[in-house]
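Undergrad: Coordinates only, no sequence provided:
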């Protein structure tokens, strides 16, 4: 009973944080970005409350050059159409080569053939049948619609294709238009694709569990399809997303147990933009910025490619001279030294190390000595 | 010169009447083509009256684009393929074998125009470009078929996309065309059929492609034929003439139509 009550409180508190601003639904990209910076309280709270971070950033005067360019979207759609053309002919070839899909397995279901409002139910029915009957149930499911519970709200997700019958297991197929050149692709693009695919794997596993099947029927190996070299010819690779899955799961549980984070917040705190009838935010910018500064962010340069609020947090980190600006690796090495000024002070000896900082102070002094020797 | 003017004026009158007729039966595709012809005829008339020579660049494309309508080009493509196909493939075939001028963007409204024309005067045309039917007897997304085909060929079961792809590949290979575009199309299709290429980068042997595609077809044929026969039976039993050609409305399209 008390648990129920606490949960109610927490939902209520999150709604207060959002205020009257309409809720922003999560998509796979946004959920994947959660896993990119799990230590950021500001982001956890804003996502938990379903706040439109893009609108907030624009209102604060720090719009992020974020989202995909229209050219990239067109290119992505074209490549996806090419892979899926003629009953997924290209995809079948790759699955046959990569995973030894038997020639007889070519069955194709386009979930989008039912109306949009039925798509999720239809996906459930098809996946249920596939998991129950195994053989003969289907091989490729195009345009499925999965759902995932994010902090009490349902997010709908659309993986590119779900493939079944590769050894009786489901595989998520993710089609991306960045090129694999000589067997090498841009690592950050692959990492982003893996995180996004992990969201789909998790959603599909949850679905199977709800239907009473073994969730491990969904493989943690996702099939990543990219153009090869400089041509448009697609090539498939298997990507293991176990690590991304673990991070994602941890982050999602953390979002549903936001209580601890919420308890530390002052009662009157709200991130409400107070939109007027036309949806234009009316809240004074300084007031909103103050409210945001009362939550701790954990800025890292990687945020620039994953979070709408990145410029706001970077500006804040710059004003504080925080060591976060120098990237995760430096920040971790400087453990316990929060600002750049402090680190410099420790290095040239103008500042005495506090308790627990002796080790890092010694390293910094050594580094400073070496630097001087090199320069002189 | 006045002879040519008289000819042009007669042609303009005919075209105007044609446009009017097409609009009356709400046949958008035909109307568009006729309008384009009307405009070019009017331009030629203007040029003649004012003594200018019609610009040269309009002449070479006029005979081809004007005489064969988009609808006719799609019909040609589908007849060659002999199976339900996506607009993208139809365009490629039309381009490779008939010197076609269509682009896939022009095919988007085609099916709706055909349906409108059929509803206003049923079976008024020798053939209609129509939908493939899914297992729910609704129109399948992005597939075109011909009304003259038996219903079994126009429904799609789970295996049908693959079977249709193989059928299309066989049809293209059997053309044995030396045209560069046709060869490129065949290369693209052969790549996705096991055993159709010898692994080299050169153009595949059409006979080998046909054989490989037939071999894979044999694996799927029995189940696909059974699925299709069952679907076709259901379509005959449950659907009226228009729905049999253009698919039964799904709930969402009914909602949309009501909203309009």
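TA: Right, received. Where do you want to start? For clarity, every value in this text was computed on a predicted model and none was experimentally measured.
Undergrad: Spatially nearest residue to residue A:167 (excluding sequence neighbours)?
TA: Of all residues not flanking residue A:167 in the chain, residue A:99 sits nearest, at 7.8 Å (C-beta to C-beta, 6 or more residues apart in numbering or on different chains). In short, each C-beta sits where N, CA and C put it, glycine included.
Undergrad: Was I right to think that neighbour contacts residue A:164?
TA: No. Taking contacts as C-beta atoms under 8 Å, residue A:99 lies outside contact range of residue A:164: 11.5 Å.
Undergrad: For these two, indicate the residue with more neighbours.
TA: residue A:164 (23 against 18; other C-beta atoms under 10 Å in any protein chain shown).
Undergrad: circling back to that earlier point, now do the shared contacts for residue A:99 and residue A:164.
TA: residue A:171 (C-beta atoms under 8 Å, 6 or more residues apart in numbering or on different chains).
Undergrad: Could you tell me how many residues sit around residue A:61?
TA: Summarising burial for residue A:61: neighbours were counted as other C-beta under 10 Å, giving 11.
Undergrad: What is the burial count for whatever residue of the stretch 51-200 of chain B ends up closest to chain A?
TA: Evaluated by C-beta to the nearest C-beta, the stretch 51-200 of chain B has residue B:161 as its residue closest to chain A, separated by 2.5 Å. Residue B:161 has 30 neighbours, counted by other C-beta under 10 Å.
Undergrad: Could you point out which residue ranges in the chain have low pLDDT?
TA: Since you didn't name a chain, this refers to chain A. A:1-10, A:66-68, A:134-136, A:151-152, A:165, A:255-257 (pLDDT under 70).
Undergrad: right idea, wrong chain: chain B
TA: Scanning chain B for pLDDT under 70 picks out B:1-2, B:52-67, B:250-260.
Undergrad: Chain A contacts on that one?
TA: When proximity is defined as C-beta under 8 Å from any C-beta of the partner chain, chain B approaches chain A at B:85-86, B:88-89, B:134, B:136, B:138, B:140-141, B:158-162, B:164-165, B:168, B:189, B:191-192, B:194, B:216, B:219-220, B:250-253, B:255.
Undergrad: Just the buried ones out of these, please.
TA: Neighbour counting by 16 or more other C-beta atoms under 10 Å in any protein chain shown classes B:85-86, B:89, B:134, B:136, B:138, B:140, B:158-162, B:164-165, B:168, B:189, B:192, B:216, B:219-220, B:250 among the residues of chain B next to chain A as buried.
Undergrad: OK, contacts around the residue in the stretch 151-300 of chain A that chain B sits nearest to?
TA: Of all residues in the stretch 151-300 of chain A, the one sitting closest to chain B is residue A:233 (8.1 Å; C-beta to the nearest C-beta). Residues near residue A:233 by C-beta under 8 Å, 6+ apart: residue A:227.
Undergrad: Nearest residue to the residue of the stretch 51-200 of chain A found nearest chain B in space, ignoring adjacent ones along the chain?
TA: As assessed by C-beta to the nearest C-beta, chain B sits closest to residue A:87 within the stretch 51-200 of chain A, at 2.5 Å. Distances taken as C-beta to C-beta, 6+ apart place residue B:161 nearest to residue A:87, at 2.5 Å, with adjacent residues excluded.
Undergrad: all helices in the stretch 51-200 of chain B, in order from the N-terminus.
TA: In the stretch 51-200 of chain B, the helices defined using DSSP state H, counting those that start in this stretch lie at B:58-67, B:70-81, B:87-97, B:110-120, B:151-154, B:160-175, B:180-190.
Undergrad: and residue A:147, which of the three is it?
TA: Here residue A:147 is strand, with the state taken from DSSP: H, G, I helix; E, B strand; the rest coil.
Undergrad: Residue B:100: what's it in contact with?
TA: Per C-beta under 8 Å, 6+ apart, neighbours of residue B:100: B:73, B:76-77, B:91, B:93-94.
Undergrad: ok, back up a step: so the residue of the stretch 51-200 of chain A closest to chain B makes contact with residue A:107?
TA: No. The criterion here is C-beta under 8 Å, and residue A:87 misses it with residue A:107 at 9.6 Å.
Undergrad: Common neighbours of these two, please.
TA: When contacts are counted by C-beta under 8 Å, 6+ apart, residue A:87 and residue A:107 have residue B:162 as shared neighbours.
Undergrad: What about the closest residue in space to residue A:148 that isn't next to it in sequence, how many residues nearby?
TA: Once flanking residues are discounted, residue A:148 sits nearest to residue A:203: 4.3 Å by C-beta to C-beta, 6+ apart. Using other C-beta under 10 Å, residue A:203 is surrounded by 23 other residues.
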